[in-house]
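>>> coordinates only, no sequence provided:
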C-alpha cells in the first residue's frame, strides 16, 4: 500500500496501523452483532477496495489525447472488485452518458483531457462511496427494525465523507479514524 493514491493517504506510523487494525476488528464485530452477512460485508469491502484501486490507477492521457487510466493494472483490479470488465469501467468513467455532456467533451482540446478525466474519476468514486454508505445505512436500519409497525431507523451524517481537501486546507481528505468516529 505504498503506491500513491488520489483518494487515501497510506498509514505511515506503526501506531496508526495498529489503531486501524483495532478499528477494523471493531467494525467487523459490529457488523456481526447487527447480523450483516459475510456476503453483504464482502460486497461493501469490494466497493471500498475498488475505490482504493481507482485512486492508484489515477488519470493519464492516451495516445489519442483522451483521458484514461495512468496505471491500467490498478484499473483492472478495481474492475475485478466491481465485477465488470476494465473496458466497461473505463467507459463508465471517462465516456459517461450523452446527457452528462460527453458530446461537448469531444470538441475540447487535448489540454483539458486530464483535468476532465480527473473530475470524471472523482465523480465516479464519490458515487461509489455514496452508494456504499447508503447500503451500510440500510443494513443497519434493517437490523434495528422491529416486526411491529414502529418507526425505527438511524440517520448518520457522514461529515468526513463531505470533507473536500481543497476547502479544508489539507493535502488529503478524511483520515480512516475520522471516517470511523
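Here it is on my side, so go on. In this text, all values refer to a predicted model and were calculated from it rather than measured experimentally. Numbers count the residues shown, from 1 in each chain.
>>> okay, strands next: where are they in the chain?
59-61, 67-69 (DSSP state E).
>>> turn the ones you listed into a markdown table, including mean pLDDT and mean neighbour count.
Placement of C-beta: from N, CA and C, glycine included. Shown next, in a markdown table, are the strands of the chain (pLDDT from 0 to 100; neighbours: other Cβ atoms under 10 Å):
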| stretch | mean pLDDT | mean neighbour count |
| --- | --- | --- |
| strand 59-61 | 89 | 17 |
| strand 67-69 | 91 | 23 |
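>>> redo those strands as a markdown table? Include distance to residue 45.
Putting the strands of the chain into a markdown table (distance: least, Cβ to Cβ, whole Å) gives the following:
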| stretch | distance to residue 45 |
| --- | --- |
| strand 59-61 | 24 |
| strand 67-69 | 22 |
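>>> nearest to residue 129, out of the ones you listed?
strand 59-61 (17.7 Å; Cβ to Cβ).
>>> show me what that closest one is packed up against.
strand 67-69, helix 113-144 (3 or more Cβ pairs under 8 Å, 6 or more residues apart in numbering; DSSP states H and E).
>>> change it to 6 Å
Where contact means 3 or more Cβ pairs under 6 Å, 6 or more residues apart in numbering; DSSP states H and E, strand 59-61 is packed against helix 113-144.
>>> pLDDT on the helix it packs on, on average?
Across helix 113-144, pLDDT averages out at 89.
>>> may I see the buried residues of it?
113-114, 116-117, 120-122, 124-125, 128-129, 132-133, 136, 139-140 (16 or more other Cβ atoms under 10 Å).
>>> in contact with the closest residue to residue 50 other than its chain neighbours, which residues?
Using Cβ to Cβ, 6 or more residues apart in numbering and skipping residues adjacent in sequence, the residue nearest residue 50 is residue 81, 3.9 Å away. Counting by Cβ atoms under 6 Å, 6 or more residues apart in numbering, residue 81 touches 46, 49, 50.
>>> now the second one: how far from residue 79?
Translated: residue 49. Separation of residue 49 from residue 79 (Cβ to Cβ, to the nearest Å): 11 Å.
>>> and what of the first one?
Plainly put, residue 46 is 11 Å away from residue 79 if you go by Cβ to Cβ.
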